[in-house]
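*Asks:* Give me coordinates for this.
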Amino acid sequence: MIGWTLLLIAIAEFFLGIWFLTRYQRNQATLWYGLFAISASIYVGANGLGYANWLITGQLAEQLAWVGGINTAFFFLAFSFSYPLPIRNNKEIFPWVLWPVGVFTLGILFSEAFIGHQHIVVFGKGYTTDTGSLFWLMILVFGIYWIWSVTNFIRRARALDGVFRRNIQLILAGIFCSLLVSSVFDIYMPLTNVTRFGYVGSLFTSVWLGFTSYIILRK
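*Replies:* Here you go, the predicted structure:
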């Protein structure tokens, strides 16, 4: 049941991201937010595949979950430079986004530098993430990008007023709650052989994504 629920949520998030990319206003902020939503859908969907036992081995599901999760940080940084009004153009943002997306996506999927290959990963039954030699470097980069995003939004909140300031304050509140929950259920617990509650991070992130989407969409 949990697996199916996460898969349905992931499909909704994926189409939400596509809608932001192709239909809704199509400006710099919605471009990056759409890519952020798609990355979140990969993270949630991968966990859904793992809990639904759709894969002979959960290794690919675990790798995809890390790919989706790590890429949310890079695309959200770009979004923080773009909402509500751009303070950097895309040519300035691309170098900060493209290299980590490429390095970590390919590294997680096709090497053991970040996530080791365990052959069997059973979601919800208790497994330990097999960390590669560069795993903690990946976590460090992930943390730096999120701190950078938060710093950008704090500065924007101080510089703006009215509805934009309130919107950013709400986004910041969601960021802090989401990062706290995700850090506990998606990073700490898999490192300590406790994964039966791993779906909590996916569900909470989905609620936050929907809430943030509403903030962006409301006039």
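*Asks:* Now do the contacts for the residue most central in space within the chain.
*Replies:* By C-alpha atoms, centre = their mean, the chain has its centre lying nearest to Thr72, at 3.2 Å. With contact taken as C-beta atoms under 8 Å, 6 or more residues apart in numbering, Thr72 is in contact with Phe36, Ser39, Ala40, Tyr43. (Each C-beta comes from the backbone N, C-alpha and C, glycine too.)
*Asks:* run the last query once more with 10 Å
*Replies:* By C-beta atoms under 10 Å, 6 or more residues apart in numbering, the contact list for Thr72 reads 35-40, 42-43, 79, 142, 145-146, 149, 178, 182, 205, 209.
*Asks:* Work out the gap between the helix or strand where Ile139 lies and the centre of the chain.
*Replies:* Per DSSP states H and E: Ile139 is located in helix 135-159. Using C-alpha atoms, centre = their mean, to the nearest Å, the distance from the centre of helix 135-159 to the centre of the chain it belongs to is 13 Å.
*Asks:* Backbone dihedrals for Ile115, please?
*Replies:* For Ile115, the backbone dihedrals are phi -130, psi 120 (criterion: degrees, to the nearest 10).
*Asks:* looking at the sheet around it, what are its partners?
*Replies:* Thr131 (DSSP bridges).
*Asks:* gap between the closest residue to the residue nearest to the centre of the chain other than its chain neighbours and Trp66?
*Replies:* Once flanking residues are discounted, Thr72 sits nearest to Ser39: 4.6 Å by C-beta to C-beta, 6 or more residues apart in numbering. Ser39 sits 11 Å away from Trp66, going by C-beta to C-beta, to the nearest Å.
*Asks:* Brilliant, that's me finished.
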